[in-house]
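**Q** Quick check, what structure comes out for this input:
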Amino acid sequence: MVEDKKVTEGRRVFNDPIDNTEYYIAAPTADDVRGADWQYSKTYTKSLIDGITTSAEMMDILMRRGVIGSEFERRQKELTDILATKIGELNLANDLDNKQVAALDVATAREELFNWNQRLNGPMSNTCEQIADDARLEYLTSCMVQNKEAERVWQDYEEFLTAKNQALATRARFEVMLYLQGLDSDFLEKTPEAQAIKEIEEEIQAKAEEAMAELERSREEQEKAAATKAEADKAKSETTPRKKKPGPKKGSRKKKSSE
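**A** Okay, here's the model as predicted:
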């Protein structure tokens, strides 16, 4: 147990989305970083030779086509302000119904801002810089992901690219990206609307449990009252003297014999 603790200490854990096996993320070494930077340079150069646009070229194209510009920035700021306002309203909500409505409003405002930003982020993801950055991330993923025994899951970058378990490779890439950005794996669950929805669910669950407990108490009280009444009725029947059956009338036997 002590050895296992030393092996896993200081590493971030995540699970295989298919079989739930635990894997770990270790900090990259200096050699890992140098290899990732070299992979970035190679990929960038190849993309440039293949005629893929750079970030600067893509920005010019988007500006000329009117995709981005003053109108884009104005709407972006407007949506950002709307999101901030909705979050403020959510923080002020003090009852279940208002909190639920406010949480949905925040989620909607966040999605609208995300979709608007995709007008820029979508095209920029296909530039030389972004493609090279993706390659750098994948190289680091191949180096940083380990099993419980602190052994590398993929022995080299090529093995990672041809991994049979693509679900694990994709999940590992995402987890390493969050790790490098200083974000927790559950960062989406820590947004104001996610926290509010969680609180709402917990409150509803608590009320449901309270109602079930009340029903159970009521049932037990009814059963207890019924049992008490049954015992009282039984005791009453045992203490009440039984009435004797009426006998034959006087003289009726003599009259019958005389006949």
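
**Q** Need the per-residue pLDDT for T240.
**A** Reported pLDDT at T240 in the predicted model: 61.

**Q** let's number from 17 now, not from 1
**A** I'll keep to 17 as the first residue from here, and by that count the last item is T256.

**Q** what secondary structure does the most centrally placed residue in the chain sit in?
**A** Centroid-nearest residue in the chain: E205, 5.9 Å away (criterion: C-alpha atoms, centre = their mean). The three-state label given to E205 by DSSP: H, G, I helix; E, B strand; the rest coil is helix.

**Q** Run a quick neighbour tally on L196.
**A** 16 (other C-beta atoms under 10 Å). C-beta coordinates here come from the backbone N, C-alpha and C atoms, glycine included.

**Q** in the chain, which spans are helices?
**A** 18-24, 46-65, 71-80, 86-108, 112-140, 144-160, 173-177, 182-196, 208-255, 268-274 (DSSP state H).

**Q** what mean pLDDT does the last one have?
**A** In this case it means helix 268-274. Mean predicted confidence for helix 268-274 is 51.

**Q** again, but for the second one
**A** Summarised as a single mean, pLDDT over helix 46-65 is 97.

**Q** Can you find the helix or strand of this structure with the lowest average pLDDT?
**A** Least confident helix or strand, the chain: helix 18-24 with a mean of 42, by mean pLDDT, DSSP states H and E.

**Q** buried ones in stretch 199-219?
**A** Buried residues in stretch 199-219, counted by 16 or more other C-beta atoms under 10 Å: P208, E209, A210, A212, I213, I216.

**Q** hang on, the earlier thing: if we compare the helices of the chain, which one ends up closest to D35?
**A** Ranking these by proximity to D35 (C-beta to C-beta) places helix 182-196 first, at 8.9 Å.

**Q** who's in contact with that closest one?
**A** Contacting residues not belonging to helix 182-196 are listed as 28, 30, 32-34, 39, 41, 153-154, 156-157, 160-161, 169, 176, 179, 200-201, 203 [C-beta atoms under 8 Å, 6 or more residues apart in numbering].

**Q** Specify the angle between it and helix 144-160 in degrees.
**A** Angle, helix 182-196 to helix 144-160, by axes from the mean of the first three to the mean of the last three C-alpha atoms, to 10 degrees: 100 degrees.

**Q** how about the CA coordinates for helix 182-196, as PDB?
**A** Output of helix 182-196 as PDB, limited to C-alpha atoms (Å, rounded to 0.1, in the frame of the first residue of the first chain):
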ATOM      1  CA  GLN A 182      -9.000   5.600 -29.600                       C
ATOM      2  CA  ALA A 183     -11.500   6.400 -26.900                       C
ATOM      3  CA  LEU A 184      -8.600   6.300 -24.300                       C
ATOM      4  CA  ALA A 185      -6.300   8.300 -26.600                       C
ATOM      5  CA  THR A 186      -9.000  11.000 -27.100                       C
ATOM      6  CA  ARG A 187      -9.800  11.200 -23.400                       C
ATOM      7  CA  ALA A 188      -6.100  11.300 -22.500                       C
ATOM      8  CA  ARG A 189      -5.500  14.200 -24.900                       C
ATOM      9  CA  PHE A 190      -8.400  16.100 -23.400                       C
ATOM     10  CA  GLU A 191      -7.200  15.500 -19.800                       C
ATOM     11  CA  VAL A 192      -3.600  16.500 -20.700                       C
ATOM     12  CA  MET A 193      -4.900  19.700 -22.300                       C
ATOM     13  CA  LEU A 194      -6.700  20.600 -19.100                       C
ATOM     14  CA  TYR A 195      -3.700  19.700 -17.000                       C
ATOM     15  CA  LEU A 196      -1.400  22.000 -19.100                       C
END
